[in-house]
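1. return atomic coordinates for the entry below.
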Amino acid sequence: MTNNMDTRSPLTVCRGSIVNAVYRTPEISDHQGNPLEEALPPMLTTEQMILRLQHFPNYSESMRQASDEVRYLSIQNAMRFFSPMDIHIDLYRRFTNVMRIGYAGRNPFPHGKRSRPSVSDSFDQYGEQYKAGAPQFMSTAAGFNIAGISGVGKSFSVERILKLFPQVIHHSNYQGKPFTQSQIVWLKLDCPFDGNPRGLCISFFKTIDALLGTNYRFEYGKKRAIQTELLSDTATVAGNHYIGVLVIDEIQRLSLARSGGADLLLNFFVQLVNDMGVPVVLVGTYRALAVLSGEFSQLRRGTGQGDLIWDRMQKDDQWELFVKSLFRAQYTRKSFSPGDMGKATSESSAKTLSDVLYEESQGITDLAIKLYMFAQERAIDTGKETVTANVIRSVAKDKFVMLRDVLIALKNNNKGALARWDDVYPHALKEYFASLPENGSAKIVVQGTLASAPDIQATISAAGMAPSINASSQMLPDSVSKMITQSAGNGSATASTEPVGKHQPQREPILPKIVKSAAAKKTSTAYDALRDKGYVKSASEFSK
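-> Predicted structure coming up:
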């Protein structure tokens, strides 16, 4: 029966370029003689990387005079605006490192580069036999984790950086030797909405099929029902095609996986790194920290390039650079600039447009870009034809109705209110946990139970929130809502951090209390009192 499935149908996934291999001398001599390394493009300098990453929509001053309809449409180009920041430079270095270091341990021609005999060869008459029969693979792969607040541009930035590398490199021969292989330099997938491992495997096969014209989806995913077999097949395909880095986005969805599903996938990622040498990068919101901090092995594998905690932008030079770049494309009749002063209000003194934009977006880049778009639309609608502080405040109030509570809580640093959204909580708890005593005497009341403050703080430390404490414990998925709940009256946190024994009475042990009561009444001996309460049993209780 002929399979008529169109494996080249377009997919709504991140796609990159497909090229034929052109080999060059790598930057490090240890990487010579490895076609996987030599086919990679050269490493970019910071200046080159910024020029390749940045994207400013086509714009000219004449567009200010276009019709309203044309200007409304042109304003939407801001959604594709991208201005590289320090964090993007860091992210590029991480990706280029994990790819090249990972390929160092997967050379298809392990004896291709051998400039001189090893000194140790003369020590053992079996040296050549060892080299011929011993396994050559030694994993040098190391991934990392990215966690951050929603809207800061994690996914968009990762995709733009990945596209600095070709996605597929087709090899035919290397140094006169046949080498017919399709090297997949990177692959980015979204975690299934329900965290189902089978769904991730099917998505993996479909994406490979679309890139290479293979038939893995039909071959492996059509009739298989056992998840472990699918995962094993996925690992085999990943190794066979020399995947340079596998990026799994929206990893927080693993918190919705059915019993055992999250652990199964996380262990599978560890296997990819260990057995196949495929670096794995996991990306998600702060909610993903509850999933990623459960096993030490996962934490360790996720620090191959160090954890990356991606919080909202601070109001500093980086923010000013971002706003200045954003304001380059203006479609109102009258011009404006980030430094323009707004009128003083009853609530605050006069602020610049940059200040107001930060105040209303709280440094979340996605919201800032949308506010800039909406403000220009409002300026055109009202006939003012320029963006002012009041225009920005007006659209923020109208367009961000459902986000209003979150933004106000972020602005006021209201930890109690922020605890309602577990993908925002690390910002709320950063200062809270940092203020806890480090002598181990403090306790936190967690809905009626006692938990050691340093133990819980250790989990936050795994996310980079409290560097003075080492990670050592497991975070519960609802840990934030359990640790901090909003008071009905004033919205303050109900978590208690009082040192035990200082302000809180310690509970008296049960057995001494029974003995003490019997002695006071003088009605029975200590033995009789303990027996009457059921703490002393007959010696023959368990005899047959």
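2. need phi/psi at Val247.
-> phi -110, psi 120 (degrees, to the nearest 10).
3. give the buried residues for the strand or helix carrying Arg160.
-> For Arg160, the host element (DSSP states H and E) is helix 154-162. Buried residues in helix 154-162, counted by 16 or more other Cβ atoms under 10 Å: 154-155, 157-162. To be clear about C-beta, it is placed using only N, CA and C from the backbone, and glycine gets the same treatment.
4. let's have these in CSV, adding pLDDT and distance to Ala78.
-> As requested, the buried residues of helix 154-162 are exported to CSV (pLDDT from 0 to 100; distance: Cβ to Cβ, whole Å):
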residue, pLDDT, distance to Ala78
Lys154, 91, 19
Ser155, 91, 17
Ser157, 93, 16
Val158, 94, 20
Glu159, 94, 18
Arg160, 93, 16
Ile161, 95, 20
Leu162, 95, 22
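5. quick one: which of those residues is nearest Leu357?
-> Ranked by distance to Leu357 (Cβ to Cβ), the buried residues of helix 154-162 are led by Ser157 at 20.1 Å.
6. residues contacting that closest one?
-> 82, 87-88, 91 (Cβ atoms under 8 Å, 6 or more residues apart in numbering).
7. need the residues that contact stretch 71-82.
-> 53-59, 63-64, 66, 156-157, 160, 325-326, 329, 331, 369, 372-373, 376-377, 380.
8. among those residues, name the ones in helices.
-> 53, 156-157, 160, 325-326, 369, 372-373, 376-377, 380 (DSSP state H).
9. which among the contacts of Ser157 end up buried?
-> So, by 16+ other Cβ under 10 Å, the buried ones in the contacts of Ser157 are 82, 87-88, 91.
10. if we can go back for a sec, for the contacts of Ser157, give me TSV that also has distance to Ala409, pLDDT and secondary structure.
-> Converted to TSV, those look like this (distance: Cβ to Cβ, whole Å; pLDDT from 0 to 100; DSSP: H, G, I helix; E, B strand; the rest coil):
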residue	distance to Ala409	pLDDT	secondary structure
Phe82	28	92	strand
Ile87	24	92	helix
His88	28	93	helix
Leu91	28	94	helix
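11. I'd like those residues as a markdown table, with distance to Asp30 appended.
-> As requested, the contacts of Ser157 are exported to a markdown table (distance: Cβ to Cβ, whole Å):
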| residue | distance to Asp30 |
| --- | --- |
| Phe82 | 34 |
| Ile87 | 29 |
| His88 | 28 |
| Leu91 | 24 |
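12. if we can go back for a sec, now the helix holding Arg160 - C-alpha only, PDB.
-> Output of helix 154-162 as PDB, limited to C-alpha atoms (Å, rounded to 0.1, in the frame of the first residue of the first chain):
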ATOM      1  CA  LYS A 154      12.100  34.200  25.500                       C
ATOM      2  CA  SER A 155      10.600  32.200  22.600                       C
ATOM      3  CA  PHE A 156      11.000  35.000  20.000                       C
ATOM      4  CA  SER A 157      14.600  35.600  21.000                       C
ATOM      5  CA  VAL A 158      15.500  31.900  21.000                       C
ATOM      6  CA  GLU A 159      14.100  31.500  17.500                       C
ATOM      7  CA  ARG A 160      16.000  34.500  16.200                       C
ATOM      8  CA  ILE A 161      19.300  33.300  17.700                       C
ATOM      9  CA  LEU A 162      18.800  29.700  16.400                       C
END
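13. skip ahead from it and say which helix or strand is next.
-> Downstream of helix 154-162 (by DSSP H and E), the next one is strand 168-174.
14. going by neighbour count, which residues of that next one are buried?
-> In strand 168-174, the ones that count as buried by 16+ other Cβ under 10 Å are 168-169, 171, 174.
15. and the residues you listed, which is closest to Leu200?
-> Val168 (20.4 Å).
16. bridging residues for that closest one?
-> The partner list for Val168 in beta bridges (DSSP bridges) reads Ile18, Ile184.
17. the bottom helix or strand of the chain by mean pLDDT?
-> In the chain, the helix or strand scored least confidently by mean pLDDT, DSSP states H and E is strand 443-446, which has a mean of 34.
18. could I get the contacting residues of the closest residue to Arg64 other than its chain neighbours?
-> The shortest distance from Arg64 to any non-neighbouring residue, by Cβ to Cβ, 6 or more residues apart in numbering, is to Arg333 (5.6 Å). For Arg333, the contacting residues are 64-65, 385-386, by Cβ under 8 Å, 6+ apart.
19. shouldn't Arg333 be within a helix?
-> No - Arg333 is assigned coil when assessed by DSSP: H, G, I helix; E, B strand; the rest coil, not a helix.
20. look up phi and psi at Met85.
-> phi -120, psi -180.
21. spatially nearest residue to it (excluding sequence neighbours)?
-> Gln318 (5.3 Å).
22. and that neighbour, what pLDDT?
-> Note on Gln318: pLDDT of 92.
23. may I ask which helix or strand encompasses it?
-> Assigned by DSSP H and E, Gln318 falls in helix 317-326.
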